[in-house]
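Student: Sequence first, predicted coordinates after that:
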Amino acid sequence: MSKLFDQTPEEQLNFQLDLTIDDPISTSFTGGFQEVTGIAMEVTIAEYRARDYTGVSKLTGLDKWGDVTLKRGIIDSQTLETWLALLGDGKGLQLRHAIVRLIGPDLGKPIMTWKLHGARVIRITRGAITANDTDVAIEEILIAYERLEME
């Protein structure tokens, strides 16, 4: 039998997302997810030819950060719906701060924390919603951000 089936639903959600929304209302929502992908950084290189050198010289260019995808999780539905309504009105697109934590097996202490500065949610894919759930199942949340800080 798979180890996944031996775990409670809370134990399967090893990644916690905290996204704070400050404008136009101050609120935040927290979700739990099974998988996080796309935490990546790239430095671009600009090549040029110096006047007195026949080879290629290189300059360090811009930093690029990958989009983070959180997969298979749940989020408090009321707060998410409020935030989605702001997105629909064009008011929820301001930059935010998102925190992704890898939660340890003791279900409380983070092992690793990633702070995504200048973050914005750019896509949400919902999972199945049933009538007796108080949480919303999320297949994927895609977050673009400008800078990453790890703890």
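Tutor: Sure, I can see it.
Student: Where do the helices of the chain begin and end?
Tutor: Using DSSP state H, the helices found in the chain span residues 9-12, 77-88.
Student: And those, which one averages the lowest pLDDT?
Tutor: Ranked by mean pLDDT, the helices of the chain bottom out at helix 9-12, with a mean of 53.
Student: Surely Leu116 and Leu148 touch.
Tutor: Yes - between Leu116 and Leu148 there is a contact at 6.2 Å, judged by C-beta atoms under 8 Å. No exception for glycine: its C-beta is placed from N, CA and C like everyone else's.
Student: So for the two, which sits in the more crowded spot?
Tutor: Neighbour totals were compared for Leu116 and Leu148, and Leu116 leads with 24 against 19 (other C-beta atoms under 10 Å).
Student: Run through the bridge partners of the more buried one.
Tutor: Applying DSSP bridges to Leu116 gives these bridge partners: Ala98, Leu148.
Student: roughly how far apart are it and Phe33?
Tutor: To Phe33, Leu116 is 14 Å away according to C-beta to C-beta, to the nearest Å.
Student: Then Phe15?
Tutor: 4 Å.
Student: Just to check, Ala144 is in contact with Ala119?
Tutor: Yes - assessed by C-beta under 8 Å, Ala144 is found in contact with Ala119 at 7.1 Å.
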